[in-house]
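**Student:** Need coordinates for the below:
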Amino acid sequence: MLGSPALSSAILALVVAATVSAQQAASHKVFPLRPIPSERWIEVLAGDPSKPGVPFVLRIHNDAGYVCAPHTHPTDENIVVVQGSWGVGMGSRIALSTVELLEVGAYGLVSSKMAHYCRSKTETIIQVHGVGPFSIDLVDPGYEMTAAGAGVMGGSPVGSRPPSAESVSSCFKLRMEDRVRGALGDGTVVGAQCFPTNQFTQYWIQRANGERFWATLEDLKKL
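**Tutor:** Sure, this is the predicted structure:
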């Protein structure tokens with residue numbers, strides 16, 4: 001599953017560092033479900049997912065409508081849905097009709113190196129545990145659009161080239177700050193992700209109240 005819009009390894013490393021420091025101060029701690037900033041996505045509860053052979057527990061938060069692109073992990077991924085309705089599909093190509101929805105309390109196992117993708121039907125939190133190292137490795141390169149411009153998503157294969165002006169234009173028909181309307185409400189484009197190999201692009205929309213959701217171009221109308 002992905003974090004920051006890309007759930008980059010850099011963000012994961014920062015979260016790990018903060019969490020490990022907190023854990024060193026106490027041998028026992030309880031982690032209730034709690035909201036975290038949309039930009040953060042990953043919450044490390046225990047262990048260090050970056051270290052080989054070290055058990056870890058983390059939570060991944062996704063806004064409604066989010067689709068994570070096909071990716072793999074170097075070790076087995078154990079998943080428990082703790083909030084919302086979340087689904088997983090197997091393979092290196094996105095086929096949302098094949099996603100198997102898991103409701104709260106459901107457990108899923110994705111074996112190491114197995115390509116898979118996911119969809120958050122609602123705002124979701126999944127709890128992931130396993131033994132490190134844990135990373136999110138995209139099967140194919142992905143691009144993201146942020147306020148800073150367009151670039152290669154974290155987790156893309158090594159050597160992925162920055163997007164050209166032509167590829168950006170092809171990927172992102174909407175631009176930052178465009179006003180749109182979707183099934184989940186009206187809002188402003190605050191980000192986007194594009195996966196050219198899958199011919200799939202999704203937009204991150206922020207409502208006036210600050211809540212966010214994801215939608216494809218087909219599900220949005222420009223205002």
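**Student:** hey, let's count contacts and neighbours off CA atoms from now on
**Tutor:** Will do.
**Student:** low-confidence ranges in this structure?
**Tutor:** Applying pLDDT under 70 to the chain picks out residues 1-27.
**Student:** swap the cut-off to 50 and go again
**Tutor:** 1, 4-8, 14-15, 20-22, 24-25 (pLDDT under 50).
**Student:** Give me the domain ranges for it.
**Tutor:** Residue ranges of the domains in the chain are recorded as 9-138, 143-222, according to automatic domain parsing.
**Student:** would JSON lines of these with mean neighbour count be doable?
**Tutor:** As requested, those are exported to JSON lines (neighbours: other C-alpha atoms under 10 Å):
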{"stretch": "domain 9-138", "mean neighbour count": "18"}
{"stretch": "domain 143-222", "mean neighbour count": "17"}
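**Student:** Please name the bridge partners of residue 116.
**Tutor:** Here residue 116 sits in beta bridges with residue 71, residue 90, going by DSSP bridges.
**Student:** That one contacts residue 95, doesn't it?
**Tutor:** No: look at residue 116 against residue 95 with C-alpha atoms under 8 Å: they stay out of range, at 10.5 Å.
**Student:** Now do the shared contacts for those two.
**Tutor:** Common contacts of residue 116 and residue 95, defined by C-alpha atoms under 8 Å, 6 or more residues apart in numbering, comprise residue 89.
**Student:** Could you find the closest non-adjacent residue to residue 146?
**Tutor:** What sits nearest to residue 146 in space, not counting adjacent residues and going by C-alpha to C-alpha, 6 or more residues apart in numbering, is residue 191, at 5.0 Å.
**Student:** Quick check: phi and psi at that neighbour.
**Tutor:** As for residue 191, its main-chain torsions (degrees, to the nearest 10) stand at phi 170, psi 170.
**Student:** That one reaches residue 212, doesn't it?
**Tutor:** No: between residue 191 and residue 212 no contact is recorded; they are 10.4 Å apart, counting by C-alpha under 8 Å.
**Student:** Overlap of the contact sets of these two?
**Tutor:** Residues touching both residue 191 and residue 212 comprise 204-205, with contact defined as C-alpha under 8 Å, 6+ apart.
**Student:** all helices in the chain, in order from the N-terminus.
**Tutor:** Taking DSSP state H, the helices of the chain run over residues 9-24, 165-171.
**Student:** what are the bridge partners for residue 201, then?
**Tutor:** Here residue 201 shows beta-bridge partners residue 194, assigned using DSSP bridges.
**Student:** what's near enough to touch it?
**Tutor:** Residue 201 makes contact with 171-172, 192-195, 216-217, according to C-alpha under 8 Å, 6+ apart.
**Student:** Residue 58 now?
**Tutor:** When contacts are counted by C-alpha under 8 Å, 6+ apart, residue 58 touches 42-46, 127-129.
**Student:** go with 10 Å
**Tutor:** Contacts here follow C-alpha atoms under 10 Å, 6 or more residues apart in numbering; on that basis residue 58 touches 16, 42-49, 79, 126-130.
**Student:** how much space between it and residue 204?
**Tutor:** Distance check for residue 58 against residue 204: by C-alpha to C-alpha, to the nearest Å, it reads 23 Å.
**Student:** Next, the contact list for the closest residue to residue 118 other than its chain neighbours, please.
**Tutor:** Once its chain neighbours are removed from consideration, residue 118 has its nearest residue in residue 88; the separation is 4.3 Å (C-alpha to C-alpha, 6+ apart). Residues near residue 88 by C-alpha under 10 Å, 6+ apart: 1, 67-68, 96, 98-102, 108, 110, 116-120.
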